[in-house]
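In: I would like the atomic coordinates for the input below:
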Amino acid sequence: MSEGEWEERFGSFNRRIADDLLDRVSDGVVDVIPEIALQLPIAVISEMLGVPESMWGDLQPWVRAATATLEINTSLEQMDAATAATHHLVDAFEELIEARRAAPTDDLLSMLIHVEESGDQLTHDELISTVLLLFGAGFETTTKLIGNGLLALLEHPDPLDRLRADRSLLPTAVEELLRWTARCRSTAESPSRTSTCTASRSKPATRSSRCSVRRTAIPGCSTSPTDSTSVEPRRG
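Out: Numbering: from 1, shown residues only. Next up, the predicted model:
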């Protein structure tokens, strides 16, 4: 499958699953996180990997429990639940890998298995790790972006009204919400300008320590790059 065919296939799927989730909203009332934000990334990543739809319902609580370890101050109970959930995920995907090894399809998991068997690109453990990484990274960030992005718009009704009146602003709004809202506890950004501070280090610094400085901006309305500051520790 070519890159263009891949994008067309999953672009169409993404729109369809989003429409299906929104169609379930009754009387204009929806609990966004459990009914949309949690379900959308699980469905999209599962479809990419070729996970049968019958498994999607099991994956959501497992992935959610496993990604709890990305939060700050995770409790021992959450750590134990994350470990158990990870074991469930590994068992499920080991079975699916064996099925795809015996009968490949046109999904991403089959492609990864084919690469593994054509050379030394991926071991079995690397296959499992890659699948878990896709779910962990794609699920956590997308869910939080949907929830926090919607909250940002509700807290700024003027930009929300502009978006409702002019849907052509949506691409810019999405990019601005990506910048404005927190997708995860720890993230890296590329600032547009730099400044130097005089913080000393006991050892020479080999990399710049970057911190983002938010300026006053309105989600959905900014057309300029992120105005951030890069802090470069002094060598010493």
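In: going forward, measure contacts and count neighbours with C-alpha atoms only.
Out: Fine.
In: which stretches in this protein count as helices?
Out: For the chain, helices defined by DSSP state H occupy the ranges 3-23, 32, 39-49, 56-66, 76-102, 108-118, 124-155, 157-165, 170-180.
In: just these: most buried one?
Out: Most buried of the helices of the chain by mean neighbour count (mean count of other C-alpha atoms under 10 Å) is helix 39-49; its value is a mean of 21.
In: which strands and helices lie in contact with that one?
Out: Here helix 39-49 touches helix 3-23, helix 56-66, helix 108-118, helix 124-155, going by 3 or more C-alpha pairs under 8 Å, 6 or more residues apart in numbering; DSSP states H and E.
In: which stretch in the helices of the chain is the model least sure about?
Out: Least confident of those, judged by mean pLDDT, is helix 108-118 with a mean of 77.
In: which residues touch it?
Out: Contact with helix 108-118 is made by 48-50, 97, 100-101, 104, 121-124, 127, as judged by C-alpha atoms under 8 Å, 6 or more residues apart in numbering.
In: output it as PDB, nothing but the C-alphas.
Out: This file holds the C-alpha atoms of helix 108-118, laid out as PDB (Å, rounded to 0.1, in the frame of the first residue of the first chain):
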ATOM      1  CA  LEU A 108       0.400  -2.200  10.000                       C
ATOM      2  CA  LEU A 109       1.000  -5.200  12.200                       C
ATOM      3  CA  SER A 110       1.300  -7.500   9.200                       C
ATOM      4  CA  MET A 111       3.800  -5.100   7.700                       C
ATOM      5  CA  LEU A 112       5.900  -5.000  10.800                       C
ATOM      6  CA  ILE A 113       5.900  -8.800  11.000                       C
ATOM      7  CA  HIS A 114       7.000  -9.000   7.300                       C
ATOM      8  CA  VAL A 115       9.900  -6.600   8.000                       C
ATOM      9  CA  GLU A 116      10.900  -8.800  10.900                       C
ATOM     10  CA  GLU A 117      10.900 -12.000   8.800                       C
ATOM     11  CA  SER A 118      12.700 -10.300   5.800                       C
END
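In: what angle do that helix and helix 76-102 make?
Out: For helix 108-118 against helix 76-102, the angle by axes from the mean of the first three to the mean of the last three C-alpha atoms, to 10 degrees is 70 degrees.
In: where does helix 108-118 sit relative to the chain's centre, distance-wise?
Out: 23 Å (C-alpha atoms, centre = their mean, to the nearest Å).
In: angle of it against helix 39-49?
Out: Orientation check (the same axes, to 10 degrees): helix 108-118 against helix 39-49 gives 40 degrees.
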